[in-house]
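>>> no FASTA, just this:
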């Protein structure tokens, strides 16, 4: 049996401890989900703009959250699903909580990584922290003119009800 002197044991333990400290310093216990927005703009597979009322602009078309989800489902079916998606504000709207929640749902459903621009810093959308919500369709409020309001379903006009 070979015996090593105590000096070798202590030197080995010191080297091992030094390596652990160096590796621990590199990681520092946190995942860096923030990246400078200006550096990373061109590194994303797809860019989606936030639009009014929880809608998105995808490839130039305004889509509801449900339609945007359908778009990503189609891309997944044809094998062209992006790995990373960047959500940016549009000229019409900034990135709102609803946008983040809908995008978090899409992250869960389709498995891509999504980031958003938060005042010049890109942050990863975490579905658990963002509280992903079910995708929904957008329905604009219907405005009826006075002539249509007075018509009945049969096409005639409703007579005002008389009280006795």
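Ah, there it is. Since we're looking at a predicted model, the values are computed, not measured.
>>> What's opposite the residue nearest to residue 115 when sequence neighbours are not counted in the beta bridge?
Excluding the flanking residues, the one nearest residue 115 by C-beta to C-beta, 6 or more residues apart in numbering is residue 122, at 4.7 Å. In short, each C-beta sits where N, CA and C put it, glycine included. Beta-bridge pairing of residue 122 under DSSP bridges involves residue 35, residue 117.
>>> ranges for the strands of this structure?
Along the chain, the segments classed as strands by DSSP state E run 34-36, 46-50, 56-58, 61-63, 84-89, 113-118, 121-124.
>>> Looking at those, spot the one closest to residue 96.
In terms of C-beta to C-beta, the element of the strands of the chain nearest to residue 96 is strand 46-50, at 6.6 Å.
>>> what lines up beside the closest one in the sheet?
Strand 46-50 is paired, per DSSP bridges, with strand 56-58 (antiparallel), strand 84-89 (parallel).
>>> average pLDDT for that strand?
When pLDDT is averaged along strand 46-50, the result is 91.
>>> how big is the angle separating that strand from strand 113-118?
Using axes from the mean of the first three to the mean of the last three C-alpha atoms, to 10 degrees, the inter-axis angle of strand 46-50 relative to strand 113-118 is 50 degrees.
>>> Give me the helix or strand of the chain that scores worst on average pLDDT.
The helix or strand of the chain with the poorest confidence is strand 34-36; it has a mean of 52 (mean pLDDT, DSSP states H and E).
>>> circling back to that earlier point, take the strands of the chain and lay them out in TSV including distance to residue 106 and mean neighbour count.
Below are the strands of the chain laid out as TSV (distance: least, C-beta to C-beta, whole Å; neighbours: other C-beta atoms under 10 Å):
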stretch	distance to residue 106	mean neighbour count
strand 34-36	20	12
strand 46-50	9	21
strand 56-58	10	21
strand 61-63	12	15
strand 84-89	8	20
strand 113-118	7	19
strand 121-124	14	18
